[in-house]
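J.: have a look; sequence and predicted model below, questions after that.
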Amino acid sequence: MIERPTFTGNEEQRALAEEIFHLMTAQGRLFALDTPIRQTLRNLADFYARQRQIDPEEAARLIDEALRVNSQVFTREENNGDVIFITSRRGRYIPPQIDTVHTFKQRLHEPENPLPVDDLSVVVTTTRPALTTVEPVFISEYWQQQAGLIPVTVEAPAETPATAVEETPQVGESVAAAPVVEEEQVTAPPAAPPSEPAQINTVIALPNGLQIDLRRPVEELMAQHGQTLMSQLRIAIENDPLRRLVLFGNQAFPEAALVSFGKNDLRRISDYIKEVGEPLLDTQIIADIFYHNPRQSDYEIFRFALNYRLSREKDFEFVGVEGARLWSVRNLPSIGTRRVKASEMGQLAGYIEEGFDDSLAEQSVEAIRKTGQVSHVLTFFEWEYGILPLTRALSALLPQPLLADQRSAVLRFEMPQHYISALVELRYPTGNRGGWLQGLETLFHDYLVPGALITLMRTDDPRTFAITYEEQAETQDRLLVLDETKKTPKFTFANISFACVVDTDMLVNQQQYGRLRNLKVFSMNERRKADLMLEHVFEVIGTPVGTRTEPQYAAPFNALFVAMNVLRPVSREYLTHLLIDGDNFTPDEGHPGWWRYTPPPSLTEEEEDDKMDEEDFDDEE
Amino acid sequence: MMDGKNIIYGETAMDKLAQQVRATGQPQDLQSLTERYLEILRELVLAGEQEDDRASDVYR
């Protein structure tokens, strides 16, 4: 409902103001009640002068006076010399008030250090998801230097001229301040002229304390400190809460420019990997699910985005290598034997991480990298379980983890002599637990025997490797096998034919190592105790040389090595360490290369009873 | 020109580095990224682009 305004002034002014009000509201009759209706004084004067046949200047004066008196109805504004009157159908003009008490901008940028915005859900949801990033707290350089976190920056001598430049205004002031300043002029004669450029400090300190001079060419800096500079930049990028740049492997790109993948996309990827039943390459996922073509200009960015997003998802695991980015999901069929658990195998191979690895005794790392192949003699344990401990020699051949937290990689091992291949899982060492390869069981059992000399080779594909062996005429021998068909597994000898060249000392046949059938099939948990295994091995294959009351066993080192490798993997160096460090093992003086084991004296029944009594007595006390 | 002691490696001019990487349209490997970053810092110190530093140091 339109309010009728009350007009003030003399009668003529009231009439004029009312007429103009009706005129303007008629002009804006389709406007909303509060919408401002604007009209210039010039237009009004022209209209009024034509209607009343008077001078436009006079008309303008009259209108201006009449509307000024009625300022409650008409708001007067001046813009570039034009006078504008504003009213509304309500009879007054209320300038709009913009409420800036709460703004979206403030919410995003206050407090001063904004939280990283992962995606829109952080902004639009009412519940804020837990943020994994830690907000940085800036500590001034002074306190960092006091705490010894960063080196104290030594004031470079080059800064002296800069100080001199600062002093130059004093010279100027001294000119104005006449005689008193003459002495100051004397004290500062070496001051550089203001126009001389100040020499500035070009040395920067890296977070690890390394100081580099940026005057030196980049190539020179990279040649000298390349690794440090790259690792420090990597750390800085990884710790940047704003994630201006993000990393996947050795590649970086701004996160803001990456394609986002929704839950539906991730579910499709997961379903596809499960359907295929083995880890898939990123390129295959992109081609089969997203139909993205490598010829598209944004292909590499899309690929980077996919890898980066999957690396941040808990349900996906990266199992690829440089040049072949493979993705796996939970609940995929495991690769390799289930008879040895990962935790147990990590401990069994722990001797490698402890430094008892002699795999590089016959072939250097450089030679392996150059030729791209490693020779190895299979032991019984490796053959039986299809596992190869990740020795230094194998590490030199196999790809390194691409991601810092990568625990495994899935490789393919081919046997070109038989046109077969198998998926093999490479478990990387962690802490004091060793690494290993698993999944070679079928290849080993079908074509090789313990003692076989095999060669592992690289191929053109970074995730594919080849296993070859030298063939010979088929031979049959009674070889050690693990019979697990019965309730209690046991070692036994069986007729096996093989057509591969073997190291005869390492061939576990009945003729050489007949006593090994008496080895106890320990659980993997027990096999972790290498010293106890060695004692058992001595008792099984050793020659009794002591008396009944003081038994003693003697055995050659090579036999001990073969027998120990039936129960668990050991290197020659590790075995030597066990023999030297063990209290009950001594070198056989009469036979070089032989060792003796003297079991600790076992207590007789009477002694045991006495001991029990003593313990009871102690408890009572 | 910017004084070297005011430069925080890995923090100063990271915005500019991100812009440059984005402009390339390809993910960059760490070595070329480091070289590019050193060039930016070098320009800052030698040619003087102090305002970029302020822009990148929003977090300070």
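T.: Received it, and whenever you're ready, just let me know what you need.

J.: what lies in contact with the helix or strand containing residue A:275?
T.: According to DSSP states H and E, residue A:275 maps onto helix A:263-276. The contact list for helix A:263-276 (CB atoms under 8 Å, 6 or more residues apart in numbering or on different chains) reads A:279-280, A:285, A:288-290, A:309-310, A:313, A:315-316, A:327-329, A:331-332. Using the backbone N, CA and C atoms, a C-beta is placed for each residue, glycine as well.

J.: what about the single nearest residue of chain B relative to chain A, distance to residue A:521?
T.: In chain B, the residue that lies nearest chain A is residue B:10 (2.3 Å; CB to the nearest CB). Plainly put, residue B:10 is 55 Å away from residue A:521 if you go by CB to CB, to the nearest Å.

J.: compare those two (neighbour count), which wins?
T.: Per other CB atoms under 10 Å in any protein chain shown, whichever of residue B:10 and residue A:521 has more neighbours is residue B:10, with 21 against 15.

J.: for chain B, which residues are neighbours of chain A?
T.: Applying CB under 8 Å from any CB of the partner chain, one finds that chain B approaches chain A through B:1-5, B:7, B:9-11, B:14-15, B:17-19, B:21-22, B:25-31, B:33-35, B:37-39, B:41-42, B:45-46, B:58-60.

J.: what about whatever residue of the stretch 451-600 of chain A ends up closest to chain B, how many neighbours?
T.: Proximity of the stretch 451-600 of chain A to chain B (CB to the nearest CB) peaks at residue A:462, 15.8 Å away. Residues near residue A:462, counting by other CB under 10 Å, number 14.

J.: same check, this time on residue A:425
T.: Neighbours of residue A:425 (other CB under 10 Å): 19.

J.: can you tell me the helix or strand for the closest residue to it other than its chain neighbours?
T.: Here the nearest residue to residue A:425 in space, its sequence neighbours aside, is residue A:335; by CB to CB, 6 or more residues apart in numbering or on different chains that works out to 4.2 Å. Using DSSP H and E, no element contains residue A:335; it sits outside every helix and strand.

J.: ok, now which ones touch residue A:335?
T.: Contacts of residue A:335 by CB under 8 Å, 6+ apart are A:410, A:423-425, A:438-439.

J.: generate a PyMOL selection restricted to the buried subset of those residues.
T.: Here is the PyMOL command that selects only those of these that count as buried (16 or more other CB atoms under 10 Å in any protein chain shown):
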select buried, chain A and resi 410+424+425+438+439
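
J.: take the contacts of residue A:335 and keep only those in strands.
T.: The strands, defined by DSSP state E, take in A:410, A:423-425, A:438 from those.

J.: closest one of those to chain B?
T.: residue A:410 (23.2 Å).

J.: I figured the closest one hits residue A:426, correct?
T.: Yes - in this structure, residue A:410 is within contact of residue A:426 by CB atoms under 8 Å, at 7.5 Å.

J.: for the chain, which spans come out with low pLDDT?
T.: In the absence of a named chain, chain A is used. A:1-3, A:108-138, A:148-199, A:603-621 (pLDDT under 70).

J.: actually it's chain B I care about, not the one you picked
T.: B:1, B:47-60.

J.: longest helix of it?
T.: Across chain B, the longest stretch assigned as helix under DSSP state H is helix B:30-43.

J.: same question for chain A.
T.: helix A:218-239.

J.: now the angle from that helix to helix B:30-43?
T.: On the basis of axes from the mean of the first three to the mean of the last three CA atoms, to 10 degrees, helix A:218-239 is oriented at 110 degrees to helix B:30-43.

J.: distance check, the residue nearest the centre of chain B against residue A:204.
T.: The structure's chain B has its C-alpha centroid closest to residue B:13; by CA atoms, centre = their mean the separation is 3.2 Å. Residue B:13 sits 11 Å away from residue A:204 when distances are taken as CB to CB.

J.: name the residues contacting each of the two.
T.: In contact with both residue B:13 and residue A:204: residue B:41, using CB under 8 Å, 6+ apart.

J.: buried set for the helix holding residue A:275?
T.: Buried, per 16+ other CB under 10 Å, within helix A:263-276: A:265-266, A:268-270, A:272-273.

J.: in terms of secondary structure, what does the following helix or strand past that helix contact?
T.: Using DSSP H and E, the helix or strand that follows helix A:263-276 in sequence is strand A:280-281. If contacts are counted by 3 or more CB pairs under 8 Å, 6 or more residues apart in numbering or on different chains; DSSP states H and E, strand A:280-281 sits against strand A:326-329.

J.: relative to the strand it packs on, what are the paired strands and their orientations?
T.: strand A:280-281 (antiparallel), strand A:316-318 (antiparallel) (DSSP bridges).

J.: now do residue A:310 against chain B, distance only.
T.: 15 Å (CB to the nearest CB, to the nearest Å).

J.: pretty sure that residue sits against residue A:319.
T.: No - with contact defined as CB under 8 Å, residue A:310 does not count as touching residue A:319 (11.2 Å).

J.: okay, helices next: where are they in chain B?
T.: B:14-24, B:30-43, B:50-56.

J.: nearest to residue A:469, out of these?
T.: helix B:30-43 (39.6 Å; CB to CB).

J.: what's the closest one in contact with?
T.: A:204, A:214, A:218, A:221-222, A:226, A:229-230, A:233-234, A:245, A:247, A:250-252, B:7, B:9, B:12-13, B:16-17, B:20-21, B:28, B:49.

J.: on that earlier part again, dump the helices of chain B into a markdown table; add mean neighbour count as well.
T.: What follows is the helices of chain B, written out as a markdown table (neighbours: other CB atoms under 10 Å in any protein chain shown):
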| stretch | mean neighbour count |
| --- | --- |
| helix B:14-24 | 19 |
| helix B:30-43 | 20 |
| helix B:50-56 | 15 |
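
J.: out of these, flag the one nearest residue A:516.
T.: helix B:30-43 (51.7 Å).

J.: now the closest one: how far from the chain's centre is it?
T.: Distance of helix B:30-43 from its chain centroid, counting by CA atoms, centre = their mean, to the nearest Å, is 7 Å.

J.: got the angle between it and helix B:14-24?
T.: Using the same axes, to 10 degrees: helix B:30-43 against helix B:14-24 is 130 degrees.

J.: return the residues in contact with residue A:85.
T.: Contacts of residue A:85 by CB under 8 Å, 6+ apart are A:20, A:24, A:38-41, A:44, A:67, A:74-77.

J.: so how far is chain B from residue A:37?
T.: Distance from residue A:37 to chain B, by CB to the nearest CB: 46 Å.

J.: who's that residue bridged to?
T.: With DSSP bridges as the rule, residue A:37 is bridged to residue A:87.

J.: how close does it sit to residue A:267?
T.: Distance from residue A:37 to residue A:267, by CB to CB: 58 Å.

J.: next, count neighbours for whatever residue of chain A ends up closest to chain B.
T.: The nearest approach of chain A to chain B comes at residue A:236, 2.3 Å away (CB to the nearest CB). Neighbours of residue A:236 under the rule other CB under 10 Å: 18.

J.: that one contacts residue B:10, correct?
T.: Yes - assessed by CB under 8 Å, residue A:236 is found in contact with residue B:10 at 2.3 Å.

J.: anything in contact with each of the two?
T.: residue A:207.

J.: how many neighbours does residue A:429 have?
T.: Count around residue A:429 with other CB under 10 Å applied: 19.

J.: alright, calling it a day.
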